[in-house]
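Colleague: here is my input; please provide its structure:
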Amino acid sequence: MTTNPRIIFNEIPHGLPNPKTSLIVDNTLSIDLDNVPLQGGILVKALAFSLDPYMRNRMRPVDIQGDIDAFPLGETINGFSVAVVLRSETPLVQAGQHVYGFMHYQRYSVIPSIDAAVLGLKGLSLQVLDNKYNLPWRYYVGILGMSGQTAYYGLKDISNPKPGETLYISAACGAVGHLVVQLAKAQGLKVIASCGSDQKVSLVKSLGADHVFNYKTADTAAELNAHGPIDIYFDLVGGPTLEAAIDNLACNARIIICGMISQYNSDKAYGVRNLWLLNRYRARMQGLVVIDWADKYLDEFHDTVPRDLAAGKLKYLEHVYHGMDKVGEALVDLLVGNNVGKSVLVLEDDVL
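Modeller: Here you go, the predicted model:
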């Protein structure tokens, strides 16, 4: 028998999660890797887990509705993962192949069907990976996974960018933001970007942004007034930043609501006070959920982003944590902005 460590949801946080008690590692389970029944599915070994801001919204009582199911207390959490297949009883997947998608955050998992509907999450079926550029496997929970797809899809139909327009991206040194900066510049846009430290400002400038400021030391509204107006706002933080962006919109502007990390640890949501300006500017505000655009753009994404990354046309910023025991620290770092780029939990070094 082999120990099968997992990450369980141990405590519902009030405000910022406790890095030592909200998510904990449990080592009480074991698994017979050679004989565990596969039920016609696959046995996988996890290599890397994604850490994302939306996970904070899942740390709530199960009876409170949300855009995705809550984590049940005492149970294994799940999320975007990359894993190697150890055994298979389906012709769709072969042992030795790698898969990506929603999986339980445990070292070994039996997945009876490669359709992730078995996890109760429609539209998140597992993908067999074709890593033809021999990129690190952990990239598939970052720039080649959900966060990369979010940036890519957000600069398609929903924002309808045109060369010469001005895009503002908040959290520009984060998992989604730093790719938005690069993709927007490649499409001929002027890019205004904000982030939370001078180090991050320097990094985002190196990615090609036209104007970058530290929102903690600068006046966001004044910066946007000086360098706008904004045709496209790619919002990852919400709150006062969203309000400042609305104040500085161009006519027929588009606002993409992708995340609101400034609100996730607050018991009292910030009330945006100037939504009436959407009428003045004939602006459109629309939510972006990555799975809604996969059918249309996933193949194009896989053809384009790995190629450009391998060729050096795209730069990837990531913050790698080693081992399940780092999950609490890593999640809190992400929520308070101590990370740079995409936060990834790596379980073994051969994915580096």
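Colleague: for the protein, what spans make up the helices?
Modeller: Remark: helices assigned in the chain by DSSP state H are 54-57, 146-154, 177-186, 198-206, 220-227, 239-247, 277-280, 294-310, 327-336.
Colleague: shaky segments in the stretch 101-250 of the chain?
Modeller: Within the stretch 101-250 of the chain, the stretches with pLDDT under 70 are 114-124.
Colleague: related to what we said a few turns ago, in TSV, list the helices of the chain along with distance to residue 20.
Modeller: Just so you know, the C-beta spots here come from the backbone N, C-alpha and C atoms, and that holds for glycine as well. What follows is these, written out as TSV (distance: least, CB to CB, whole Å):
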stretch	distance to residue 20
helix 54-57	16
helix 146-154	26
helix 177-186	29
helix 198-206	27
helix 220-227	34
helix 239-247	28
helix 277-280	43
helix 294-310	35
helix 327-336	6
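Colleague: nearest to the spatial middle of this protein, which residue is it?
Modeller: With distances taken as CA atoms, centre = their mean, residue 147 lies nearest the centre of the chain, 3.8 Å away.
Colleague: contacts only, for it.
Modeller: 50, 52, 175, 176, 179, 342 (CB atoms under 8 Å, 6 or more residues apart in numbering).
Colleague: so what's residue 137 up against?
Modeller: Residue 137 sits in contact with 47, 48, 82, 84, 98, 129, 131, 351, where contact means CB under 8 Å, 6+ apart.
Colleague: which among those residues count as buried?
Modeller: Using 16 or more other CB atoms under 10 Å as the burial test, those include 47, 48, 82, 84, 98, 129, 351 as buried.
Colleague: for the second one, name its beta-bridge partners.
Modeller: For residue 48, the beta-bridge assignment (DSSP bridges) gives partners residue 82, residue 346.
Colleague: and if you look at the fifth one?
Modeller: Counting by DSSP bridges, residue 98 is bridged to residue 84.
Colleague: and the gap between residue 29 and residue 8?
Modeller: Distance, residue 29 to residue 8, using CB to CB, to the nearest Å: 10 Å.
Colleague: likewise residue 223?
Modeller: Counting by CB to CB, the gap from residue 223 to residue 8 is 43 Å.
Colleague: now residue 198. Nearest residue, chain neighbours left out?
Modeller: Closest residue to residue 198 apart from its sequence neighbours, by CB to CB, 6 or more residues apart in numbering: residue 214 at 5.8 Å.
Colleague: same check on residue 166?
Modeller: Using CB to CB, 6+ apart, the closest residue to residue 166 is residue 190 (4.5 Å).
Colleague: hmm, residue 162 and the one you found touching each other?
Modeller: No. Here residue 190 lies out of contact with residue 162, judged by CB atoms under 8 Å, at a distance of 11.4 Å.
Colleague: of the two, who's got more company?
Modeller: With neighbours defined as other CB atoms under 10 Å, residue 190 and residue 162 compare such that residue 190 has more, 19 against 11.
Colleague: report the contact partners of that one.
Modeller: Neighbours of residue 190 in contact, by CB under 8 Å, 6+ apart: 164, 165, 166, 167, 210.
Colleague: with respect to residue 316, which of the residues you listed is nearest?
Modeller: Ranked by distance to residue 316 (CB to CB), the contacts of residue 190 are led by residue 167 at 19.9 Å.
Colleague: could you check how far the residue nearest to that closest one when sequence neighbours are not counted is from residue 87?
Modeller: Leaving aside its sequence neighbours, residue 167 sits nearest to residue 232 (CB to CB, 6+ apart; 4.3 Å). Remark: distance between residue 232 and residue 87 (CB to CB) = 47 Å.
Colleague: can you give me the end-to-end span of stretch 41-56?
Modeller: The straight-line separation of the ends of stretch 41-56 (CA to CA, to the nearest Å) is 30 Å.
Colleague: could you tell me the end-to-end distance of stretch 230-239?
Modeller: 17 Å.
Colleague: buried stuff in it?
Modeller: Within stretch 230-239, the residues that qualify as buried are 230, 231, 232, 233, 234, 235, 236, 237, 238, 239, counting by 16+ other CB under 10 Å.
Colleague: widest-spaced pair of those?
Modeller: 231 and 239 (21.5 Å).
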